[in-house]
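# Predicted coordinates and the sequence they were generated for:
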Amino acid sequence: MPDDFADALQSLVIHGDLDWEHPEQDDTALAPAIYPASTYAARSAAEFAEMANTPRHPRYYTRYGNPTQERCERLIARLEKTEAALLLSSGMGAMSTTLLRFLRAGDHVVAQGAHYMGTARLLTDLLPGFGVQVSQVDQRDSGAFEAAVRENTRLIVVETPSNPTLALTDLAAVAACGKRHGILTLADNTFASPVNQCPRDSGIDLVLHSATKYLGGHSDLIAGVVCGDAALIEKIWERAIALGTNVSPFTAFLLLRGLRTLPLRVARQNENALALARFFEQHPAIERVHYPELESHPQHALFKRQMRRGGGVLSIEFAGGAKEGYAAARRFVASLKLARHAVSLGGVETLVVHAASMWEASLTPEQMQRAGITPSLVRIAAGLENAGDLCRDMEAALAASGRHENPD
Ligand SMILES: *Cc1c(COP(=O)(O)O)cnc(C)c1O
């Protein structure tokens with residue numbers, strides 16, 4: 001099935017890092033230059049004053065910005081339909097810098113029950129230690145965000161689809177709640193990527209990514225980005241230069257190279273994930289498949305309103321009791337030959353993780369339950385391989401895991 005929307009973005013990712021308002025300033029080299037310089041010399045006292053006093057100057061001191069970074073940010077802002085973007089050291093660098101910019105002691109945040117584990121740790125460990133109150137609500141209940149708002153609520157943080165159960169959050173409902181109460185809204189759009197979902201279209205203020213995942217797309221860099229109105233992004237930048245969460249010029253170069261193929265890659269990952277979801281849905285060893293594009297997803301109607309396609313990540317739960325399901329899931333991930341057994345997602349290769357093995361040492365059973373991590377849950381992040389090869393690899397690993405030979 002051709003993906004017209006992804007295809008339409010393909011011209012933007014090839015040319016959208018250029019300065020269309022001032023084309024004479026663009027470098028004519030087709031590949032962007034990497035400037036490793038940490039600092040830049042002024043040619044006059046006046047020029048130095050200008051460099052030092054212009055926010056986000058790309059040629060002053062690299063903790064403040066860099067020309068390669070600026071090109072990459074221009075493209076990501078256009079993809080997310082925002083005025084500006086700020087590239088940071090990692091997804092967590094983007095999240096921590098943003099939270100620490102807009103929150104202070106006495107403030108309150110509304111967030112989801114299920115968040116990326118790093119974000120969950122910031123919400124439950126770091127913020128309360130700084131005197132910030134946090135309420136976590138069931139993201140599938142859009143009224144729950146409104147109900148949790150207090151007089152001192154400053155920020156609503158969401159993430160959709162969520163990790164690892166692919167539960168959705170109603171972005172338009174959250175944005176409307178934020179607007180009614182004058183509260184800033186922040187959406188982690190990592191799992192969907194801008195190809196499948198633009199939170200800005202729903203009225204969300206700030207859009208964040210772990211650029212390590214789909215934006216970079218090759219499992220070879222760590223970076224993060226936050227996008228929004230220029231005035232808000234400048235405020236986050238002021239915090240970033242104090243916290244030192246800046247990105248390296250080399251990473252900005254690699255990220256820009258990855259972005260050139262983002263729509264092509266994500267269109268393929270959407271197809272592969274849907275093929276895998278349909279394959280697992282009909283397999284007797286698998287009890288549940290979590291993927292928003294499946295008609296069986298409990299929030300499929302919301303999926304149709306808010307997402308273009310289901311994205312590259314799905315998760316499955318094995319049939320059988322907790323103990324057997326746990327063992328079957330571990331045998332399954334260990335038996336895969338083509339898909340690799342590794343954390344992360346969004347790269348060209350299919351990656352698979354058994355969530356309980358990943359978290360059992362660091363999370364309490366209640367925390368696991370809140371995050372939706374059942375003993376047999378396996379997360380699959382589709383890569384760009386041939387879909388038939390992937391399904392055959394999964395089929396063989398299911399056979400090796402022994403479950404479908406004795407379904408109970
Ligand atoms: C990976 C990830 C992060 C953290 O990003 P890093 O680049 O690893 O710091 C944040 N949110 C989501 C949804 C992620 O998948």
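Looks like it arrived, so ask away.
# How many neighbouring residues does the nearest residue to residue 306 once chain neighbours are set aside have?
Spatial nearest neighbour of residue 306, excluding adjacent residues (CB to CB, 6 or more residues apart in numbering): residue 171 at 5.8 Å. Every residue, glycine included, has its C-beta placed from N, CA and C. Counted with other CB atoms under 10 Å, the neighbours of residue 171 add up to 27.
# can you list the domains in the protein?
Domain assignment for the chain, taken from automatic domain parsing, gives 4-259, 263-401.
# Which one of the ones you listed lies nearest to the ligand?
Nearest of those to the ligand, taken as CB to the nearest ligand atom: domain 4-259 at 2.1 Å.
# Provide the secondary structure category for the residue nearest to residue 319 when sequence neighbours are not counted.
With CB to CB, 6+ apart as the criterion, residue 319 has its nearest non-adjacent residue at 4.2 Å, and that residue is residue 287. At residue 287 the chain is in strand, as set by DSSP: H, G, I helix; E, B strand; the rest coil.
# Quick one, grab the pLDDT at residue 287.
Looking at residue 287, its pLDDT is 96.
# wait, doesn't it sit right on residue 315?
No. Counting by CB atoms under 8 Å, residue 287 does not reach residue 315; the two are 11.7 Å apart.
# Which one's more surrounded, the two?
residue 315 (25 against 15).
# element containing the more buried one?
Using DSSP states H and E, residue 315 sits within strand 313-318.
# immediately after that strand, which helix or strand?
Next along the chain after strand 313-318, taking DSSP H and E as the criterion, comes helix 322-335.
# Next, the angle from that following helix to strand 313-318.
Angle of helix 322-335 versus strand 313-318, following axes from the mean of the first three to the mean of the last three CA atoms, to 10 degrees, is 130 degrees.
# list the contacts for the residue nearest to residue 319?
Contacts for residue 287 (CB atoms under 8 Å, 6 or more residues apart in numbering) come out as 317, 318, 319, 320, 325, 376.
# do the same with residue 122
Going by CB under 8 Å, 6+ apart, residue 122 touches 92, 95, 96, 99.
# hmm, try it at 6 Å
Contacts for residue 122 (CB atoms under 6 Å, 6 or more residues apart in numbering) come out as residue 96.
# Am I right that it falls within a strand?
No. Per three-state DSSP, residue 122 lies outside any strand segment and is helix.
# Now do it against residue 297, distance only.
28 Å (CB to CB, to the nearest Å).
# likewise residue 332?
22 Å.
# Could I get the pLDDT score of the residue lying closest to residue 54 once chain neighbours are set aside?
Nearest non-adjacent residue to residue 54, counting by CB to CB, 6+ apart: residue 60, 7.6 Å away. Model confidence at residue 60, given as pLDDT, is 98.
# okay, now residue 60: neighbour count?
With other CB under 10 Å as criterion, residue 60 counts 19.
# Looks like it contacts residue 51 (just checking).
Yes. Using CB atoms under 6 Å, residue 60 is in contact with residue 51, at 4.3 Å.
# Output whichever helix in the chain runs longest as PDB, nothing but the C-alphas.
Counting residues, the longest helix found in the chain (DSSP state H) is helix 262-281. Extracted as PDB, the C-alpha positions of helix 262-281 are listed here (Å, rounded to 0.1, in the frame of the first residue of the first chain):
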ATOM      1  CA  LEU A 262      12.900   9.300   7.600                       C
ATOM      2  CA  PRO A 263       9.600   9.000   5.700                       C
ATOM      3  CA  LEU A 264      10.900   6.100   3.500                       C
ATOM      4  CA  ARG A 265      12.100   4.200   6.600                       C
ATOM      5  CA  VAL A 266       9.000   4.900   8.700                       C
ATOM      6  CA  ALA A 267       6.700   3.900   5.800                       C
ATOM      7  CA  ARG A 268       8.500   0.600   5.600                       C
ATOM      8  CA  GLN A 269       8.500   0.100   9.400                       C
ATOM      9  CA  ASN A 270       4.700   0.800   9.500                       C
ATOM     10  CA  GLU A 271       4.200  -1.900   6.900                       C
ATOM     11  CA  ASN A 272       6.500  -4.400   8.600                       C
ATOM     12  CA  ALA A 273       4.900  -3.800  12.000                       C
ATOM     13  CA  LEU A 274       1.400  -4.300  10.600                       C
ATOM     14  CA  ALA A 275       2.400  -7.500   8.900                       C
ATOM     15  CA  LEU A 276       3.900  -8.800  12.200                       C
ATOM     16  CA  ALA A 277       0.900  -7.700  14.200                       C
ATOM     17  CA  ARG A 278      -1.400  -9.600  11.800                       C
ATOM     18  CA  PHE A 279       0.900 -12.600  11.800                       C
ATOM     19  CA  PHE A 280       0.900 -12.800  15.700                       C
ATOM     20  CA  GLU A 281      -2.900 -12.100  15.900                       C
END
